[in-house]
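S.K.: turn this into a structure:
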Amino acid sequence: MHNLDEKTITEAVVARQANATDPRLKEIMNSLVRHLHSFAREVQLTEPEWMAAIRFLTEVGHSCSDSRQEFILLSDTLGLSTLVTAQNHRKPAGCTEATVFGPFHVEGAPHYALGDDIGNGMKGEPCFVSGRVVGIDGQGVPNATLEVWQADAEGLYDVQNPDLKEHQGRGVLNADARGNFHFRSIVAECYPIPHDGPVGRMLDALGRHPWRPAHLHFMITAPGFERLVTHVFRRGGDYLDSDTVFGVRSSLIADWVRHPAGMGPDGKRCDKPFYTLDFDFVLNPVSGN
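M.R.: Model prediction:
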């Protein structure tokens, strides 16, 4: 078809994709084309606006590096990450809710024994974290693997801060035979996502802030159960109602309890005030189990 116009272009593109060999790819791309074209028609997109969008996406790509994923930040701040997570992790009542993965998980974090300090010298107030990993029947999940990561007292992850040594505030642990776990780290603090790039400029133009409420990241796996990627948020902190990446769930908000200097949960004396956090995770069994 040679005489294409604004009314016929959409179906012409869809027709051009008719020979796609992957049915799912064909379904996704046909829908993408139709929705993109409908968007352009709805807002009557101008050529300068279209070029501005191309420049923006190009800048997002150029901002990505081994320690920064600007496209994940874009997906997170537009709520797309939360939407995809919610669609793909519908769970029975009582299971711990999933939330966004975020851009700061690192493969190959060190393994720690229960009770170890995963902060590994990271700046912040001491915090002792404990809990249990169970199934929806309440039975402990033996030897469940927990990956944990967090920012420091200044709101920086180890991969963001050149002054931090590798693998601070992150680690991998295994629960015991009854699903119990405990470790030491530092108190979670609120922090802004990286906002010195194109996503930050977008937020500023939209009158939005870049802040996330204080939280710990967890990824928990065990044979026979669905993988859980979630956060635990600090009750009473800022930005719980305006998390810039829309990750907060009421069920994931917990108390960080402050204690005066003295004997810590590990039986050792803390010369400064410390906090404790206790939180249980309920995993969803894999279908058929």
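S.K.: from now on I want contacts and neighbour counts done on CA atoms only, so please keep to that.
M.R.: Noted.
S.K.: all strands for the chain, in order.
M.R.: In the chain, the strands defined using DSSP state E lie at 126-135, 145-149, 170-174, 180-186, 191-192, 211-212, 215-221, 228-234, 253-254, 257-259, 262-263, 269-270, 274-278, 281-283.
S.K.: can I get those in JSON lines with mean pLDDT, mean neighbour count and distance to residue 75?
M.R.: Conversion of the strands of the chain to JSON lines gives the following (pLDDT from 0 to 100; neighbours: other C-alpha atoms under 10 Å; distance: least, C-alpha to C-alpha, whole Å):
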{"stretch": "strand 126-135", "mean pLDDT": "97", "mean neighbour count": "21", "distance to residue 75": "30"}
{"stretch": "strand 145-149", "mean pLDDT": "97", "mean neighbour count": "23", "distance to residue 75": "20"}
{"stretch": "strand 170-174", "mean pLDDT": "97", "mean neighbour count": "24", "distance to residue 75": "24"}
{"stretch": "strand 180-186", "mean pLDDT": "97", "mean neighbour count": "24", "distance to residue 75": "28"}
{"stretch": "strand 191-192", "mean pLDDT": "94", "mean neighbour count": "18", "distance to residue 75": "16"}
{"stretch": "strand 211-212", "mean pLDDT": "96", "mean neighbour count": "22", "distance to residue 75": "15"}
{"stretch": "strand 215-221", "mean pLDDT": "97", "mean neighbour count": "22", "distance to residue 75": "18"}
{"stretch": "strand 228-234", "mean pLDDT": "97", "mean neighbour count": "24", "distance to residue 75": "17"}
{"stretch": "strand 253-254", "mean pLDDT": "98", "mean neighbour count": "18", "distance to residue 75": "23"}
{"stretch": "strand 257-259", "mean pLDDT": "96", "mean neighbour count": "14", "distance to residue 75": "33"}
{"stretch": "strand 262-263", "mean pLDDT": "93", "mean neighbour count": "14", "distance to residue 75": "44"}
{"stretch": "strand 269-270", "mean pLDDT": "90", "mean neighbour count": "14", "distance to residue 75": "41"}
{"stretch": "strand 274-278", "mean pLDDT": "97", "mean neighbour count": "19", "distance to residue 75": "30"}
{"stretch": "strand 281-283", "mean pLDDT": "98", "mean neighbour count": "24", "distance to residue 75": "26"}
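S.K.: who touches stretch 271-288?
M.R.: Identification of contacts with stretch 271-288 by C-alpha atoms under 8 Å, 6 or more residues apart in numbering yields 91-92, 94-96, 125-136, 138, 187, 224-228, 254-262, 264.
S.K.: and the contacts of stretch 22-30?
M.R.: Residues outside stretch 22-30 that contact it (C-alpha under 8 Å, 6+ apart) are 14, 17-18, 20.
S.K.: farthest-apart pair in these, please.
M.R.: Spatial extent of the contacts of stretch 22-30 (C-alpha to C-alpha) is set by the pair 14 and 20 at 10.5 Å.
S.K.: of the two, which one has the most company?
M.R.: Taking neighbours as other C-alpha atoms under 10 Å, residue 14 and residue 20 compare with residue 14 leading, 17 against 12.
S.K.: how about the more buried one, nearest residue that isn't a chain neighbour?
M.R.: When the adjacent residues along the chain are set aside, residue 14 lies closest to residue 30, with 5.6 Å between them (C-alpha to C-alpha, 6 or more residues apart in numbering).
S.K.: that's all I had, so thanks and see you.
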